[in-house]
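Q: Structure of the sequence below:
(one chain, ligands or ions: 1)
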Amino acid sequence: MAAISRAIRACAAAGSRRSMASSAKEVAAAGARAAAAVARRGREREREEDGRRVQWVFLGCPGVGKGTYASRLSQMLRVPHIATGDLVRDALASPGPFSEQLAEIVNNGKLVSDEIIINLLSKRLEEGAEKGELGFILDGFPRTIRQAEILEGVTDIDLVINLKLREEALLAKCLGRRMCSQCGGNFNVASIDMEGENGGPRMYMPPLLPPPQCESKLITRPDDTEEVVKERLRVYHDLCEPVEDFYRARGKLLEFNLPGGIPESWPKLLQALNLDPGNERSAAA
Ligand SMILES: Nc1ncnc2c1ncn2[C@@H]1O[C@H](COP(=O)(O)OP(=O)(O)O)[C@@H](O)[C@H]1O
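A: Next up, the predicted model:
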């Protein structure tokens, strides 16, 4: 892991770019290779024996639930959940000119520069290596083709999970997001109940309400206003969607359409990942 973080820094510093292979033939073969991702699961067990656990990436629009599902999987698979949004928010919390510069970018729904994000991530990976971490689930990185190329150049990403949800639900979910300022728990007050698309089943996502002791301490992220969320969605379509194509062309992308709230989606996600829910019980224990 220390080697990965050093290599990421070195690539970023050199402005390294690798050409992106995206021929039609490759895209056509993508489906077959995505199926092979499931077979990789067996190999992951072998890697554990080699002292390396999963190295997965979560992609998806703001509000889709990357943090929720990445965090659950990280507990199950005993790897850290590393969310670059959290690294940015930690950096924002320490006062000074750097955090003022970051706040200006983040609160306007823009992406921070590749250099800044790579520095924050490399530092986090180095700290993890010192603690003996053996893998990771990245959430919110890579978000640009350049970030994806740098990551691909320095380590082997086993699987990229692309979470998908209807756009109307994304906006409602971002606007309903709340955090407890005391315990740090994440909640959502939005109750989403939508007609199915093209005659499909209704989509119901119940709110995830806080316990009574958190109710008076809820805060909203400053970048979760309607105007900023719409800008973040626009930025996602412009800059982050090409990252989906990048991994699709490499056969690493697993697309997952969320069918509803956590109780409905979680078991189906585990099934799509070929993971045994029994592992969850043993992880929780
Ligand atoms: N990989 C990244 N590259 C550039 N900026 C990032 C990256 N990850 C996080 N950020 C910054 O942090 C903000 C919050 O990120 P995140 O919590 O992942 O938000 P979201 O809910 O939009 O997925 C982003 O809007 C962006 O400004």
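
Q: low-confidence ranges in the chain?
A: Regions of the chain meeting the criterion pLDDT under 70 cover residues 2-3, 11-51, 279-285.

Q: What parts of the stretch 51-200 of the chain come near the ligand?
A: Within the stretch 51-200 of the chain, the positions adjacent to the ligand are 62, 84-85, 88, 105-106, 110-112, 117, 140-141, 143, 147 by Cβ under 6 Å from any ligand atom. Bear in mind the C-beta positions are built from the backbone N, C-alpha and C, glycine included.

Q: buried subset of those residues?
A: Buried members of these, scored by 16 or more other Cβ atoms under 10 Å, are 62, 84-85, 88, 105-106, 111-112, 117, 140-141, 143, 147.

Q: Quick one: mark the members of the residues you listed that sit in helices.
A: Within those, membership in helices is found for 84, 85, 88, 105, 106, 117, 147, as judged by DSSP state H.

Q: Nearest residue to residue 77 in space, ignoring adjacent ones along the chain?
A: Nearest non-adjacent residue to residue 77, counting by Cβ to Cβ, 6 or more residues apart in numbering: residue 54, 5.4 Å away.

Q: The one you found against residue 157, yeah?
A: No: counting by Cβ atoms under 8 Å, residue 54 stays clear of residue 157, with 9.6 Å between them.

Q: Which one's more surrounded, those two?
A: With other Cβ atoms under 10 Å as the criterion, residue 54 and residue 157 differ in neighbour count, and residue 54 comes out ahead with 22 against 18.

Q: and the gap between the most centrally placed residue in the chain and residue 78?
A: Residue closest to the average C-alpha location in the chain (Cα atoms, centre = their mean): residue 139, at 2.5 Å. Relative to residue 78, residue 139 is positioned 16 Å away (Cβ to Cβ, to the nearest Å).

Q: swap in residue 175?
A: On the measure of Cβ to Cβ, residue 175 and residue 78 end up 34 Å apart.

Q: So residue 52, which state does it fall into?
A: Three-state secondary structure (criterion: DSSP: H, G, I helix; E, B strand; the rest coil) places residue 52 in coil.

Q: Look through the stretch 151-285 of the chain and state the residue closest to the ligand.
A: Residue nearest to the ligand within the stretch 151-285 of the chain (Cβ to the nearest ligand atom): residue 232, separated by 4.7 Å.

Q: So that residue sits against residue 223, correct?
A: Yes: contact criterion Cβ under 8 Å: residue 232 and residue 223 qualify, at 7.0 Å.

Q: Mutual contacts of these two, please.
A: Between them, residue 232 and residue 223 have residue 109 as joint contacts when contacts are counted by Cβ atoms under 8 Å, 6 or more residues apart in numbering.

Q: hmm, back to that, for residue 141, see how far away the residue nearest to residue 77 is.
A: 15 Å.

Q: try residue 147
A: Using Cβ to Cβ, residue 147 is found at 6 Å from residue 141.

Q: and for those two, which residues touch both?
A: With contacts defined as Cβ under 8 Å, 6+ apart, the residues adjacent to both residue 147 and residue 141 are residue 117.

Q: and residue 110, how far is that from residue 175?
A: To residue 175, residue 110 is 19 Å away according to Cβ to Cβ.

Q: residue ranges for the strands of the stretch 151-285 of the chain, please.
A: Along the stretch 151-285 of the chain, counting by DSSP state E, counting those that start in this stretch, strands occupy 159-164, 177-180, 186-188, 192-194, 203-205, 218-219, 253-257.

Q: mind giving me JSON lines with the ones you listed and columns for mean neighbour count?
A: Listed next are these as JSON lines, based on neighbours: other Cβ atoms under 10 Å:
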{"stretch": "strand 159-164", "mean neighbour count": "22"}
{"stretch": "strand 177-180", "mean neighbour count": "20"}
{"stretch": "strand 186-188", "mean neighbour count": "18"}
{"stretch": "strand 192-194", "mean neighbour count": "15"}
{"stretch": "strand 203-205", "mean neighbour count": "19"}
{"stretch": "strand 218-219", "mean neighbour count": "13"}
{"stretch": "strand 253-257", "mean neighbour count": "18"}
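
Q: In the stretch 1-150 of the chain, which residue sits nearest the ligand?
A: Among all residues of the stretch 1-150 of the chain, residue 85 sits closest to the ligand, at 2.0 Å; criterion: Cβ to the nearest ligand atom.
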